[in-house]
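> Sequence first, predicted model second:
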Amino acid sequence: MGLKDKLFPKKGQSKDFTITKAKTHIKKLAMINKNYSKRAEISRKNAKIALQRGEKDRAKNYLIQYKNYQTKVDRANNIRTKIERQIEALEEGQIVSQTGSVMEGMRDELEYIATKASPTKAAEIAEDSELYVTQIEEAADILAGDPEIDLAIDVGDELEQLETEMLLEQGGSMPKVPSDDLQYIPDYALDDEPQVESKEKLQEEIEKLRKELEG
């Protein structure tokens, strides 16, 4: 870590640095406690020795030292407990913060997807698509046109005449349902007939010329 990072740590680095510093302090407290515990143990042993020697006042002084060191040990332990709780809170807070960040990202992504795939958007797309289909169909109708209008041919009289002829043929009634028994005559077949006739005619002409030449 450079000097700049030490003096101006980033937010993420600041938490890590604080936790590291706190754990280092716990180790320091543990060393101090170990020292106090040894001193307390020595003071108690000295108090016992003083009693064995009949030095009651000195025994009391050693016991006072023993109690004092014990108090310091308890105080250090309490401090250590509070620091450890705060370290746990910081570490848990980091997990919560990271989880919140992840969930926030997922929420934003879901919001984006929901906006693109929302019922309103889907309805708009369907409506626009239907509109485009209608416009294409209208354009096709315009291009196809109406032969009667485009050619300015009125077939009203001819249609009435055909209906009259059918009424006479059908005995006074018109068919209500189209019949599949009657098939339309394909007009494309007519394109081949002139070609067939012209070939036969040409063959006859050739045969006639051949006979004339032979005679």
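All right, it came through fine. Numbering: from 1, shown residues only.
> Quick check: pLDDT value at Lys28.
On pLDDT, Lys28 comes in at 91.
> where do the helices sit along the protein?
3-7, 11-52, 56-116, 119-144, 147-150, 156-169, 193-214 (DSSP state H).
> Please produce a markdown table containing these, extended by mean neighbour count.
From N, CA and C alone the C-beta is placed, and that goes for glycine too. Formatted as a markdown table, these follow (neighbours: other C-beta atoms under 10 Å):
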| stretch | mean neighbour count |
| --- | --- |
| helix 3-7 | 9 |
| helix 11-52 | 14 |
| helix 56-116 | 13 |
| helix 119-144 | 10 |
| helix 147-150 | 10 |
| helix 156-169 | 10 |
| helix 193-214 | 9 |
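> quick check, distance from stretch 52-65 to the centre of its chain.
Between the centre of stretch 52-65 and the centre of its chain there are 79 Å (C-alpha atoms, centre = their mean, to the nearest Å).
> ugh, wrong one, I meant stretch 61-75
65 Å.
> average pLDDT for it?
92.
> start the count at 22, not 1, going forward
Happy to do that; since the first residue is 22 now, the last one works out to stretch 82-96.
> So what touches that stretch?
Ile53, Asn54, Tyr57, Ser58, Arg60, Ala61, Ser64, Arg65, Asn67, Ala68, Ala71 (C-beta atoms under 8 Å, 6 or more residues apart in numbering).
> Kindly recompute the last result at 7 Å.
Asn54, Tyr57, Ser58, Arg60, Ala61, Ser64, Arg65, Asn67, Ala68, Ala71 (C-beta atoms under 7 Å, 6 or more residues apart in numbering).
> What of stretch 48-60?
Under C-beta under 7 Å, 6+ apart, the answer for stretch 48-60 is Tyr90, Lys93, Val94, Ala97, Asn98, Ile100, Arg101.
> 6 Å instead, please
Here stretch 48-60 makes contact (C-beta atoms under 6 Å, 6 or more residues apart in numbering) with Tyr90, Lys93, Val94, Ala97, Arg101.
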